[in-house]
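*Asks:* Build me a structure from this.
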Amino acid sequence: MAKSLPTLSEEQAAALIKGAWGRAQERDRQMLVFLLHTGLKINEFVGLKVSDVFTGQRVRKNLLVSGDAGKPDRSVPLNREAREAVALILEYNRSQGFQLLGEEPFIVSRQRNKKDGSYRMTPRQVQRIVKTLREDASLNLRTTPQTFRHTYAKSLLGQGVDIKTVQKLLGHRSIKTTRNLYGDLDEI
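*Replies:* The predicted structure follows:
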């Protein structure tokens, strides 16, 4: 039996994305779009380098996500919405004076990271952005970056993608994990 996980309806996701404000509003909007269309874990997301999503000539069509602690790497397709989000995030980075060099962080912050001195955004910063946007949109749903991952999985299952493929895309080691979290299509 699948757990009852918080997922966003299309209207809730649109309200969060539309509600982005401030100097970095376009970056924030596109971060949410990217998360909704890739299902990445927050640490995977903030750990991305420019070369993970951009060849230097064009946005990649697939993202190779490195596996944690002995897990194999996995390939996550970047659909049109995710690729557009990448292009807009890279444009934001350029506008802020960042070069699009391969080893540079894909998601940048205006503040220098205290741990490593880079401008790489931290998981906590993304969590704060999501929390602020949830409060601004008056959503009565606990919404975190993980909610975007759950929404991505449910969306795939709702489109008829089989549970084994969803397992691979999310990077779950066991099909049991995916089934326990999301169930099968007939439960959606």
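
*Asks:* Check for me that Leu90 belongs to a strand.
*Replies:* No - counting by DSSP: H, G, I helix; E, B strand; the rest coil, Leu90 is located in no strand; its state is helix.

*Asks:* which SS class is the residue nearest to the spatial centre of the chain?
*Replies:* In the chain, the centroid-proximal residue (CA atoms, centre = their mean) is Leu35; its distance is 2.2 Å. Counting by three-state DSSP, the backbone at Leu35 sits in helix.

*Asks:* Am I right that it is in contact with Pro145?
*Replies:* Yes - with contacts counted by CB atoms under 8 Å, Leu35 reaches Pro145, the gap being 6.2 Å. Where C-beta positions appear, they are placed from N, C-alpha and C, glycine not excepted.

*Asks:* overlap in contacts of the two?
*Replies:* Phe45 (CB atoms under 8 Å, 6 or more residues apart in numbering).

*Asks:* Sketch out the low-pLDDT regions of this structure for me.
*Replies:* Scanning the chain for pLDDT under 70 picks out 1-4, 70, 184-188.

*Asks:* Please repeat the previous calculation with a cut-off of 50.
*Replies:* 1, 185-188 (pLDDT under 50).
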